[in-house]
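**Student:** Here is a sequence with its predicted model. Questions after.
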Amino acid sequence: MKSQRTSQSKFGPPAVRLIPSHPADLQAKMQEMQLAIARRAHELFEARGREHGHDIDDWFRAQSELLCPVSISISQSKDRIDLCATVVGFDETNLKISIEPRQITILGDKETSGTKAQVATVEQARSYPYQILEVVDLATEVMPERAVVELQAGVLKFNLPIAAPNEVETGRAA
């Protein structure tokens, strides 16, 4: 993902503009993360003696062990959606985003070299998740090609222009 420094803020580090990836480019990493969550959920199921009826609890626990929490806030005006996502501890080198007309995807992986950090125990690794997988469905269609995304002080800020009704019907931007 490309990024570029933008103006310096008097309240912290400069904002970095992020260039969204094509959604298909994130699919393999998303599937890898979802598979890791499924494996951990199955481990929890087996550790409980294969007792059925707790699959959702196992899934949410596995997510909380493997993924960093992300807080999302969304506001909408007549012509745009503003979305903020907290991604503290991640920078432009280990974040990838994609923007589709009705969906935002945020992936974060602090280990971009492909090798996992050596950690003393599995429990310690689960205590400090280093990945983000956040998919946000949008109620209103936006124009991905005109979106602006900046990262500043651990917050991803999305400025998403709303598609005009005639652009939604024809599938093209003005």
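**Tutor:** Received, thanks. Nothing here was measured: the structure is a model prediction, and the numbers come from that model. Numbering: from 1, shown residues only.

**Student:** if I look at the residue nearest to Ala85 when sequence neighbours are not counted, how far off is Leu35?
**Tutor:** The shortest distance from Ala85 to any non-neighbouring residue, by CB to CB, 6 or more residues apart in numbering, is to Leu156 (4.4 Å). C-beta: built from backbone N, CA, C; applies to glycine. The gap separating Leu156 from Leu35 is 25 Å, by CB to CB, to the nearest Å.

**Student:** Flag the shaky bits of this protein, pLDDT-wise.
**Tutor:** For the chain, the stretches with pLDDT under 70 are 1-11, 111-128, 166-174.

**Student:** Now do the helices in it.
**Tutor:** Here the chain has its helices, by DSSP state H, at 23-47, 55-66, 122-127, 165-170.

**Student:** now the longest one and helix 55-66, what's the angle there?
**Tutor:** In terms of direction (axes from the mean of the first three to the mean of the last three CA atoms, to 10 degrees), helix 23-47 departs from helix 55-66 by 110 degrees.

**Student:** Going by neighbour count, which residues of helix 23-47 are buried?
**Tutor:** 26, 29-30, 33, 36-37, 40-41, 44-45 (16 or more other CB atoms under 10 Å).

**Student:** Run the chain-centre distance for it.
**Tutor:** Mean C-alpha position of helix 23-47 versus that of the full chain (CA atoms, centre = their mean, to the nearest Å) differs by 15 Å.

**Student:** can you list the residues that contact that helix?
**Tutor:** The contact list for helix 23-47, computed with CB atoms under 8 Å, 6 or more residues apart in numbering, reads 51, 54-55, 58-59, 61-63, 65-67, 96, 98, 100, 103, 105, 107, 109, 131, 133.

**Student:** of those, buried ones?
**Tutor:** Listed as buried from the contacts of helix 23-47 are 58-59, 61-63, 65-67, 96, 98, 105, 107, 109, 131, 133; burial here means 16+ other CB under 10 Å.

**Student:** Would you quantify the distance from the residue nearest the centre of the chain to Ile162?
**Tutor:** In the chain, the C-alpha nearest the mean C-alpha coordinate belongs to Ile106, at 2.0 Å (CA atoms, centre = their mean). Note on Ile106: its distance to Ile162, by CB to CB, is 20 Å.
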